[in-house]
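[1] Mind folding the following:
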Amino acid sequence: MIESRRALRRFRRPAATAAAMFAVLAAGDAAAATPRSVLVMAKSLDDLITLDPAEVFEFSGAEITANLYLRLFRPNPDDPAKPLGEAVSSWRASADSLSFEFEVRDRLPFASGRAMDAHDAVFSLRRAVALNKAPSFILTQFGLSGDNVGERVRALDDRRFTITLDRAYAPSLVLNALSAGIASVVDREAVLANADGDLGEGWLRNHAAGSGAFSLRRWQPGEYLLLDANLSYWQGPPALKRVAIRDIREPSTQRLLLERGDVDMARNLGPDQLAAVDGIDGIRLLVVPRARLFYLALNQKRPPLDRPAVRKALRYLVDYQGIAERLLGPAARVHQAFLPQGFLGALDDRPFDFEPERARGLLSEAGLAGGFEVRLDVRSDPIALRLAQVVQATMAEAGVRIEIVPGSAKQVLTRYRARRHELFMGQWGPDYLDPHTNASTFARNPDNGDGAAERTLAWRNGWEIPELTARADAAVLERDPARRARLYQELQREVQADSPFIVLFQENEVIALSDRVEGFAAGITADQTSYHGLRK
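    Predicted structure coming up:
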């Protein structure tokens, strides 16, 4: 899971530090704030914790490492059931689908100059499982563990390697999992040369050992990150010599720098700033559909939220279209199913509208004609708070009295993960481009006990669903893509009709950028954002 952890804070930086950064940035170019060969981006990097692909689990890290490393596969936005080989040139499954054989592309150079081989791919997968960081479940869900990964992930020769699974999973699920950031191939020799009994974990936090379109020049946490073009990149060198990301966390500061021409692109403008720059000569807006979902969650351990009539009533007390048009604008669109558009089997059904009279009738059936009081946990960022306030107002029309409880991302998520919330408002982003990534958390809860090993979103909300869990587990074994899509559509319709989840919107990222910039490529997940084709 990738959860939004951004918290907007006032941007402050000593002038000397900023000056030093731009001295590095413009080295070798004519003096200018944004040289023609350099793309300068303003982006909040407050969620950037590490650059180690075995540990990265946040939006910014996923985007940056996707430009530093080649993964075994890459997502296919045109056909999500058929991921495309990246470091892998070909693959085949065994007759029983319990093992897969892969061939690594020939002549893929790392930043060190050494060519990638199958031993690097095997080392990278074994390392990710052994380190057992947050995203490791993407690999361990196939039965891999620290005890057996040495046997189940093996090199056959310098070009070929195999992975043996514990069950005959759908091939599309396996390959999509290998398109996630944790399947990035690291230069094993560079990593081991800098390891200190930690498989290079400490070194890779702020260094890179990849073969992507860019190499890491420097990351100064809280200030900037510099990437240099990889002239040996297998699909040709990038058009730009360098990408510089300034860590700017205040939207109004990003807007000011963009208007002055000090940055070429602003990534975190809010609705007010976007409206202000829209129409300014030399600036345009780019709307990028993303897979992140805004949703409300109802803790089933907190009556009366556990009553079916109450769950349904709350669905009719959100002004979905009004919020999308008047508050979120191009930053979101109404979406009411747990699979985002762009995924295999995604639904675009929108059965719920703002119908307070209907909601009042449902609450009356539940013995709550006078309504009830409930607390709503939400992050303390301006958009989330405004959204919560609108929901508070519309739910009040049926007597549902909401107390908004704002907090930092850490505070809110800590309560949510401990099942101490009543209502929760937040975002959810997928881990890879396969329907199982969201179905496994919205429609699966194998153990509802407080000590459960798998703490899915259904678990967080105390939703006990043995039958739905069995169906979600069966869907990962369906080999026919059309049949598999239908299974996920059925799951979505059941969760949509009655569950602790009210899916509200699917996010769009709205980027403000200079007319000089072309070639920005992005998909619905953060790790599909590519800087390779950027040019000015």
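[2] And for the closest residue to Leu317 other than its chain neighbours, the neighbour number?
    Spatial nearest neighbour of Leu317, excluding adjacent residues (C-beta to C-beta, 6 or more residues apart in numbering): Met395 at 4.4 Å. Every residue, glycine included, has its C-beta placed from N, CA and C. Neighbourhood size, Met395 [other C-beta atoms under 10 Å]: 24.
[3] cool, Asp480 as well?
    Around Asp480 there are 11 residues (other C-beta under 10 Å).
[4] Then Tyr224?
    Using other C-beta under 10 Å, Tyr224 is surrounded by 24 other residues.
[5] any idea of the pLDDT on it?
    As predicted, Tyr224 sits at a pLDDT of 98.
[6] Give me the secondary structure label for the residue nearest to Leu317.
    helix (DSSP: H, G, I helix; E, B strand; the rest coil).
[7] so what's it up against?
    Leu314, Leu317, Val318, Arg401, Ile402 (C-beta atoms under 8 Å, 6 or more residues apart in numbering).
[8] likewise Glu403?
    Counting by C-beta under 8 Å, 6+ apart, Glu403 touches Glu373, Val374, Arg375, Leu376.
[9] Apply 6 Å and report the result again.
    The contact partners of Glu403, by C-beta atoms under 6 Å, 6 or more residues apart in numbering, come to Arg375.
[10] looking at the sheet around it, what are its partners?
    Applying DSSP bridges to Glu403 yields these beta-bridge partners: Arg375.
[11] before we move on, what about Arg246?
    Under the criterion used (DSSP bridges), Arg246 bridges to Ala42, Tyr224.
[12] any idea of the pLDDT on it?
    We note a pLDDT of 98 for Arg246 in this prediction.
[13] What distance do you get for it to Ala266?
    The gap separating Arg246 from Ala266 is 10 Å, by C-beta to C-beta, to the nearest Å.
[14] Give me the common contacts of those two.
    Listed as contacting both Arg246 and Ala266 by C-beta under 6 Å, 6+ apart are Ala42.
[15] now the helices: where do they sit in the stretch 151-300 of the chain?
    Ranges of helices in the stretch 151-300 of the chain, per DSSP state H, counting those that start in this stretch, are 171-177, 188-193, 201-204, 251-260, 271-277.
[16] Partner strands of the top strand by length along the chain, with direction?
    For the chain, the strand that runs over the most residues, judged by DSSP state E, is strand 283-298. Looking at strand 283-298 with DSSP bridges, its partner strands are strand 423-428 (antiparallel), strand 501-514 (antiparallel).
[17] List the buried residues of the helix or strand just after it.
    Downstream of strand 283-298, the first helix or strand assigned by DSSP states H and E is helix 308-315. Neighbour-count burial for helix 308-315 flags Ala309, Val310, Arg311, Lys312, Ala313, Leu314, Arg315 (criterion: 16 or more other C-beta atoms under 10 Å).
[18] Next, the buried residues of the helix or strand following helix 308-315.
    Next helix or strand after helix 308-315 toward the C-terminus (DSSP H and E): helix 320-323. Using 16+ other C-beta under 10 Å as the test for burial, helix 320-323 gives Tyr320, Ile323.
[19] again with stretch 89-100
    Within stretch 89-100, the residues scored as buried using 16+ other C-beta under 10 Å are Trp91, Ala93, Ser97, Ser99, Phe100.
[20] Hmm, which of those residues is lowest in pLDDT?
    Minimum pLDDT for the buried residues of stretch 89-100 is recorded at Ser97 (90).
[21] Now do the same contact list for it.
    Ala168.
[22] let's see it at 7 Å
    Applying C-beta atoms under 7 Å, 6 or more residues apart in numbering, one finds that Ser97 lies in contact with Ala168, Pro171.
[23] Which parts of the stretch 351-500 of the chain are helices?
    356-365, 382-395, 409-417, 436-442, 457-460, 466-475, 481-497.
[24] The longest one - what's its average pLDDT?
    Per-region confidence: helix 481-497 scores 97 on mean pLDDT.
[25] Same check on the third one?
    Per-region confidence: helix 409-417 scores 91 on mean pLDDT.
[26] Which elements pack onto it?
    With contacts defined as 3 or more C-beta pairs under 7 Å, 6 or more residues apart in numbering; DSSP states H and E, the packing partners of helix 409-417 are strand 372-379.
[27] now the angle from the strand it packs on to helix 382-395?
    Per axes from the mean of the first three to the mean of the last three C-alpha atoms, to 10 degrees, the angle that strand 372-379 makes with helix 382-395 is 170 degrees.
[28] quick check: domain ranges of the protein?
    Residue ranges for the domains of the chain, per automatic domain parsing: 15-68+212-282, 73-189, 290-508.
[29] Switch those domains over to JSON lines; also include distance to Gly523.
    Converted to JSON lines, the domains of the chain look like this (distance: least, C-beta to C-beta, whole Å):
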{"stretch": "domain 15-68+212-282", "distance to Gly523": "10"}
{"stretch": "domain 73-189", "distance to Gly523": "5"}
{"stretch": "domain 290-508", "distance to Gly523": "8"}
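[30] give me every residue that touches Phe352.
    Residues near Phe352 by C-beta under 7 Å, 6+ apart: Arg315, Tyr316, Tyr320, Gln336.
[31] same thing but at 8 Å, please
    Here Phe352 is in contact with Arg315, Tyr316, Val318, Tyr320, Gln336 (C-beta under 8 Å, 6+ apart).
[32] what are the phi and psi angles of it?
    Phe352 adopts backbone torsions of phi -110, psi 140, taken as degrees, to the nearest 10.
[33] do you know how far it is from Ala359?
    10 Å.
[34] that older thread, just give me the closest of the contacts of Phe352 to Pro406.
    Distances from Pro406 to the contacts of Phe352, taken as C-beta to C-beta, are shortest for Val318 (19.1 Å).
[35] That closest one - how many residues pack around it?
    Neighbour count of Val318, defined by other C-beta under 10 Å: 24.
[36] Touching, it and Thr394? I think so.
    Yes. Using C-beta atoms under 8 Å, Val318 is in contact with Thr394, at 6.3 Å.
[37] Overlap of the contact sets of the two?
    Here Val318 and Thr394 share the contacting residues Phe354, scored by C-beta under 8 Å, 6+ apart.
[38] re earlier: just flag the most distant two among the buried residues of stretch 89-100.
    Greatest spatial distance in the buried residues of stretch 89-100: Trp91 and Ser97, 12.3 Å, computed using C-beta to C-beta.
[39] circling back to that earlier point, what do Phe352 and Ala359 both touch?
    Common contact partners of Phe352 and Ala359 (C-beta under 8 Å, 6+ apart): Tyr316.
[40] how close does Ala62 sit to Asp166?
    27 Å.
[41] So between the two, which is more surrounded?
    Between Ala62 and Asp166, counting by other C-beta under 10 Å, Ala62 is the more crowded of the two (23 against 13).
[42] just how off-centre is the helix or strand harbouring the more buried one within its chain?
    Element membership for Ala62, per DSSP H and E: helix 59-68. Relative to its chain's centre, helix 59-68 lies at 10 Å (C-alpha atoms, centre = their mean, to the nearest Å).
[43] Offset the numbering so it begins at 27, please.
    Sure thing, new numbering starts at 27, so read that last one as helix 85-94.
[44] Buried residues, that helix. List them.
    So, applying 16+ other C-beta under 10 Å, buried residues of helix 85-94: Phe85, Ser86, Gly87, Ala88, Glu89, Ile90, Thr91, Ala92, Asn93, Leu94.
[45] which residues are contacting it?
    Applying C-beta under 8 Å, 6+ apart, the external contacts of helix 85-94 come out as 28, 30, 32, 69-71, 73-77, 79, 82, 207, 210, 234, 236, 238-242, 251, 253, 269, 271, 455, 551-558.
[46] can we see that at 6 Å?
    For helix 85-94, the external contacting residues (C-beta under 6 Å, 6+ apart) are 71, 73-74, 79, 82, 207, 234, 236, 238-240, 552-553, 555, 557.
[47] Just flag the most distant two among these.
    Taking C-beta to C-beta, no two of the contacts of helix 85-94 sit farther apart than Asp73 and Ala239, at 22.1 Å.
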